[in-house]
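> Next input, structure requested:
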Amino acid sequence: MSNDATPDTDEVKNTKPPKYIAIAGNIGAGKSSLTGLLAKHFGWKAFYESVDDNPYLADFYDDMRRWSFNLQIYFLSSRFRHQKAMLNEERNVVQDRTIYEDVEIFAKNLHNMGLMSDRDFANYEALFKEMTFYLKPPTLLIYIRAQVPTLVRQIQQRGRDYENTIRIEYLERLNQLYEDWIERYPHEKLIIDTDDLDFVNSQEDLGRIIELVEQRLFGLFN
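Residues are numbered from 1 along each chain as shown. Modelled structure (predicted):
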């Protein structure tokens with residue numbers, strides 16, 4: 001009896017669906033860094049936002065009105081490809097920025113600022129809604145909350161030339177939209193205030209975040 005029971009137990013264990021963890025946050029919040037650190041610690045596969053190879057990003061920061069729609073469509077299609085790839089993964093994955101942030105934060109902000117036309121925004125939203133049929137929400141969404149001075153400092157530290165033209169007002173608007181969205185977000189989430197944390201250079205700070213993630217993902221009732 002016991003010899004027969006062991007394979008059944010293993011089979012049940014192996015059929016448990018992989019976890020999908022997503023990192024959300026404003027420009028300069030540290031999403032890519034945290035994605036890599038969590039992937040290394042837990043052995044997860046990381047999916048990163050397409051930034052350095054994005055053909056529209058530099059043009060966008062020079063002329064937001066002209067390139068806003070092109071940029072957002074590029075991000076939307078890139079993250080949708082990530083979503084499809086993650087569905088085929090048999091191990092846990094962690095994603096640097098979600099597809100939801102594209103429509104809830106960045107495209108909405110551009111539209112609110114008059115940098116994306118009503119026609120383009122309506123087209124963009126319609127396309128996103130068509131895609132949502134194929135999407136599944138993250139097992140856990142980790143929102144990295146950081147105030148604008150922290151964002152500015154970290155943007156300056158990484159030294160991307162095309163980010164030099166980002167305005168304080170732009171970051172403030174994004175932060176407001178993030179706060180509104182995260183309050184309405186209906187699925188499992190973990191909010192981490194990082195203004196007083198340095199999880200890149202401090203093992204203690206990183207350990208605190210890892211402990212919070214472990215509690216949410218692997219706690220007694222998970």
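
> roughly how far apart are the spatially most central residue of the chain and A22?
Geometric centre of the chain, nearest residue: R97, 1.7 Å, by C-alpha atoms, centre = their mean. For R97, the distance to A22 (C-beta to C-beta, to the nearest Å) stands at 8 Å. Every C-beta, even on glycine, is put in place using the N, C-alpha and C of the backbone.

> contacting residues around stretch 117-129?
Applying C-beta atoms under 8 Å, 6 or more residues apart in numbering, the contact partners of stretch 117-129 are 68-69, 72-73, 76, 99, 102-103, 107-108, 110-111, 116.

> Filter those down to the buried ones and express that as a PyMOL selection.
A single PyMOL command is used to select the members of the contacts of stretch 117-129 judged buried by 16 or more other C-beta atoms under 10 Å:
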select buried, resi 68+69+72+73+76+99+102+103+107+108+110+111+116
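
> residue contacts, N92?
18-21, 42-45.

> what bits of the chain have low per-residue confidence?
Low-confidence segments of the chain, defined by pLDDT under 70: 1-15, 51-52, 220-222.

> Now do the contacts for V103.
So V103 contacts 76, 124-125, 128 (C-beta under 8 Å, 6+ apart).

> redo that, cut-off 10 Å
72, 75-76, 121, 124-125, 127-129, 131-132, 181 (C-beta atoms under 10 Å, 6 or more residues apart in numbering).

> In JSON lines: the residues you listed, plus secondary structure and distance to I142.
Converted to JSON lines, the contacts of V103 look like this (DSSP: H, G, I helix; E, B strand; the rest coil; distance: C-beta to C-beta, whole Å):
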{"residue": "Q72", "secondary structure": "helix", "distance to I142": "23"}
{"residue": "F75", "secondary structure": "helix", "distance to I142": "19"}
{"residue": "L76", "secondary structure": "helix", "distance to I142": "21"}
{"residue": "F121", "secondary structure": "helix", "distance to I142": "28"}
{"residue": "Y124", "secondary structure": "helix", "distance to I142": "26"}
{"residue": "E125", "secondary structure": "helix", "distance to I142": "25"}
{"residue": "L127", "secondary structure": "helix", "distance to I142": "26"}
{"residue": "F128", "secondary structure": "helix", "distance to I142": "22"}
{"residue": "K129", "secondary structure": "helix", "distance to I142": "25"}
{"residue": "M131", "secondary structure": "helix", "distance to I142": "22"}
{"residue": "T132", "secondary structure": "helix", "distance to I142": "21"}
{"residue": "W181", "secondary structure": "helix", "distance to I142": "14"}
